[in-house]
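Peer 1: what follows is a predicted protein model with its sequence.
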Amino acid sequence: MKRDSLARARQWLGPRTTHAADWPLDVLRLAKGTTTVSVVLPARNEENTVGKIVSVIRRDLADLVDEILVVDSRSTDSTAAVAAKAGARVVHQDDVLPDMPYMSGKGEALWKGLAASTGDLVVFIDADLRNFGAHFVSGLLGPLLTDPSVHYVKAAYDRPLGDKRGEGGRVTELLARPMLNLFWPELAGFVQPLGGEYAGRRETLERVPFVTEYGVETALLIDLLGLVGLDAMAQVDLGSREHSHQSTTALGRMAGQIMLTAWSRLEREGRIVASEAPASLLMQFSAEREVTVTDVAVAERPPLASVFDSVMEEGAA
Ligand SMILES: O=c1ccn([C@@H]2O[C@H](COP(=O)(O)OP(=O)(O)O[C@H]3O[C@H](CO)[C@@H](O)[C@H](O)[C@H]3O)[C@@H](O)[C@H]2O)c(=O)[nH]1
Ligand SMILES: O=C(O)[C@H](O)COP(=O)(O)O
């Protein structure tokens, strides 16, 4: 059964993987028609990179992108001001759906970004990219604009670590890829399962929950596989991606969040029956053996469609 799933992933890989160069702008402009496109950038303290990304989108993709939304994720630097100056609409994470309970992290920023944006297609791009180019957005839009059976597109790329090609993506290689291969082998063909650049149809994205913190990408892949199936998912090779790297200990905390996310999906799918919930406290040590303990628990936002439905029901009552 699992062997068959890996074979499925191999079969999927060829037909559903394209390259950014396969999607020239003139083809996409024609395909766009009346479809509207939002680009959403989650940003926590990204004043050094967010302005350039917004400017490139405005300069090179003016007739493809209808809205650029930066979600300021509790930044303490001038991310919001820089993004606004470059021409983005900026919302503060906690100002969107303010009556909902308080939650944190990247997944929360994305969910709020989905709620605050309007496009039929939504492209998520990390705001810390150092080699951003218009092909990040146009590549991700290609399959969605030209093939109605595609609901979700994820970026593939090389991830250098310093000057070493292929050495980046430490959590991907040491945790996410083995874990997905073992438990969700159909997803094994995604070259960068944790990558932060992907796009989807609004109606589909609004039908899945968003896990908070760094669990969001893992949960989206697993939940979308369940909702729309592998053939409705695609990937586009964008070449290489450079971004700011977190410390190994910060990545340990990310790994904890991703493991808890996977656990929640295995439980939900009835594949593990837990006698008790996993612990969520992670003890780590500095080089000097100082101890820090961090809670790596993740929470979950419900599908946005259900939130909008209940707001409408309350309004009608
Ligand atoms: O609380 C947060 C944390 C991060 N971000 C933004 O999210 C993006 C990615 O965050 P980053 O800390 O740079 O993540 P990475 O260490 O690069 O982690 C990789 O792996 C994560 C787990 O899958 C993904 O969420 C990331 O997109 C992916 O780049 C950046 O624009 C951040 O500013 C927020 O908006 N709020
Ligand atoms: O996706 C990952 O594995 C993490 O973001 C770490 O990436 P890095 O090793 O390139 O910093």
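Peer 2: Okay, I see it. Ligands and ions are numbered 1, 2, ... in the order given.
Peer 1: need the residues of the stretch 101-250 of the chain near ligand 1, please.
Peer 2: 105-106, 109, 126-128, 194, 196, 214, 217, 243, 246 (Cβ under 6 Å from any ligand atom). (C-beta placed from N, C-alpha, C; glycine too.)
Peer 1: again, only this time at 8 Å
Peer 2: 104-110, 126-128, 169, 171-172, 176, 193-197, 213-218, 243-246, 250 (Cβ under 8 Å from any ligand atom).
Peer 1: quick check on the residues you listed: which are buried?
Peer 2: Neighbour counting with 16 or more other Cβ atoms under 10 Å marks 104-110, 126-128, 169, 171-172, 176, 193-197, 213-218, 243 as buried within these.
Peer 1: show me which of the residues you listed neighbour ligand 2.
Peer 2: 169, 171-172, 176, 194-195, 243.
Peer 1: would you turn these into CSV with pLDDT and secondary structure?
Peer 2: Listed next are these as CSV, based on pLDDT from 0 to 100; DSSP: H, G, I helix; E, B strand; the rest coil:
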residue, pLDDT, secondary structure
169, 94, coil
171, 98, helix
172, 98, helix
176, 98, helix
194, 98, coil
195, 98, coil
243, 88, strand
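Peer 1: closest to ligand 1 among those?
Peer 2: residue 194 (3.4 Å; Cβ to the nearest ligand atom).
Peer 1: pretty sure the closest one sits against residue 171.
Peer 2: Yes. At 6.2 Å, residue 194 counts as touching residue 171 under the criterion of Cβ atoms under 8 Å.
Peer 1: got any residues that touch both of the two?
Peer 2: Taking Cβ atoms under 8 Å, 6 or more residues apart in numbering as the contact rule, residue 194 and residue 171 both touch residue 258.
Peer 1: need the residue closest to the centroid of the chain.
Peer 2: residue 196 (4.3 Å; Cα atoms, centre = their mean).
Peer 1: for the nearest residue to that one once chain neighbours are set aside, what are its contacts?
Peer 2: Among residues not flanking residue 196 along the chain, residue 126 sits closest, at 3.7 Å (Cβ to Cβ, 6 or more residues apart in numbering). For residue 126, the contacting residues are 41-42, 196-197, 243, by Cβ under 8 Å, 6+ apart.
Peer 1: tell me which of those residues fall in strands.
Peer 2: 41-42 (DSSP state E).
Peer 1: go through the contacts of residue 126 and name the one nearest ligand 1.
Peer 2: Looking across these and measuring by Cβ to the nearest ligand atom, the closest to ligand 1 is residue 196, at 2.3 Å.
Peer 1: secondary structure class for residue 76?
Peer 2: Secondary structure for residue 76, judged by DSSP: H, G, I helix; E, B strand; the rest coil, is coil.
Peer 1: chain neighbours aside, what residue packs nearest to it?
Peer 2: Nearest residue to residue 76, sequence neighbours excluded (Cβ to Cβ, 6+ apart): residue 45, at 6.3 Å.
Peer 1: so that neighbour makes contact with residue 72?
Peer 2: No. The pair residue 45 / residue 72 is not scored as a contact, 9.6 Å apart, by Cβ under 8 Å.
Peer 1: who has more neighbours, these two?
Peer 2: residue 72 (26 against 17; other Cβ atoms under 10 Å).
Peer 1: this structure: helices as residue ranges?
Peer 2: Along the chain, counting by DSSP state H, helices occupy 2-16, 25-32, 50-60, 79-86, 105-116, 134-146, 170-171, 177-183, 202-205, 216-228, 248-268, 304-316.
Peer 1: give the buried residues for the last one.
Peer 2: The reference is to helix 304-316. Residues of helix 304-316 classed as buried by neighbour count (16+ other Cβ under 10 Å): 304, 307.
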